[in-house]
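Enquirer: missing the sequence, but the structure's below:
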């Protein structure tokens, strides 16, 4: 006797009912990475998730920032849950992966991709006029 499954066809993946949410993250090359996080995930979990997907070996130099209600960038706290921090966002949640701690000599960086991310950060700051 053949085994038959009757599945309901759904065209979208609804993560909200499983205590998960999609978080769009702007990377340093201005591409968007969508990260699926659960409601207990912290800022450190998100940072490690991004570092793993980008294969960054030295993630201690990076951080995640978001735009708060006062239209200013604010760094995510690595120990607090994301849901608790991102409720202070403007209407649409949008976070940026960014260099948080600079070092004087980039030759101290062991990973070439980490060095490349530093280059992208400096390039973006020069283009935006933040670095004069």
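Expert: In hand now; what should we look at? Worth saying up front: this structure is predicted, and the values here are computed from it rather than measured.
Enquirer: Quick one: the helices in this protein, in order.
Expert: 43-54, 82-86, 112-128 (DSSP state H).
Enquirer: would CSV of those helices with mean neighbour count, mean pLDDT and distance to residue 71 be doable?
Expert: No exception for glycine: its C-beta is placed from N, CA and C like everyone else's. Compiled in CSV, those are given as follows (neighbours: other C-beta atoms under 10 Å; pLDDT from 0 to 100; distance: least, C-beta to C-beta, whole Å):
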stretch, mean neighbour count, mean pLDDT, distance to residue 71
helix 43-54, 17, 92, 20
helix 82-86, 18, 82, 15
helix 112-128, 15, 87, 15
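Enquirer: Looking at the ones you listed, which is nearest to residue 104?
Expert: helix 112-128 (11.7 Å; C-beta to C-beta).
Enquirer: What helices and strands are in contact with the closest one?
Expert: In terms of contacts (3 or more C-beta pairs under 8 Å, 6 or more residues apart in numbering; DSSP states H and E), helix 112-128 is packed against strand 95-99.
Enquirer: residues of the strand it packs on that come out buried?
Expert: Neighbour counts over strand 95-99 (16 or more other C-beta atoms under 10 Å) mark 95, 96, 97, 98, 99 as buried.
Enquirer: hey, what's the residue nearest the centre of the chain bridged with?
Expert: Nearest to the geometric centre of the chain sits residue 25, at 4.3 Å (C-alpha atoms, centre = their mean). Counting by DSSP bridges, residue 25 is bridged to residue 33, residue 95.
Enquirer: hang on, it packs against residue 95?
Expert: Yes - between residue 25 and residue 95 there is a contact under C-beta atoms under 8 Å: 5.3 Å.
Enquirer: Now list whatever residues contact both of these two.
Expert: Here residue 25 and residue 95 share the contacting residues 46, 64, scored by C-beta atoms under 8 Å, 6 or more residues apart in numbering.
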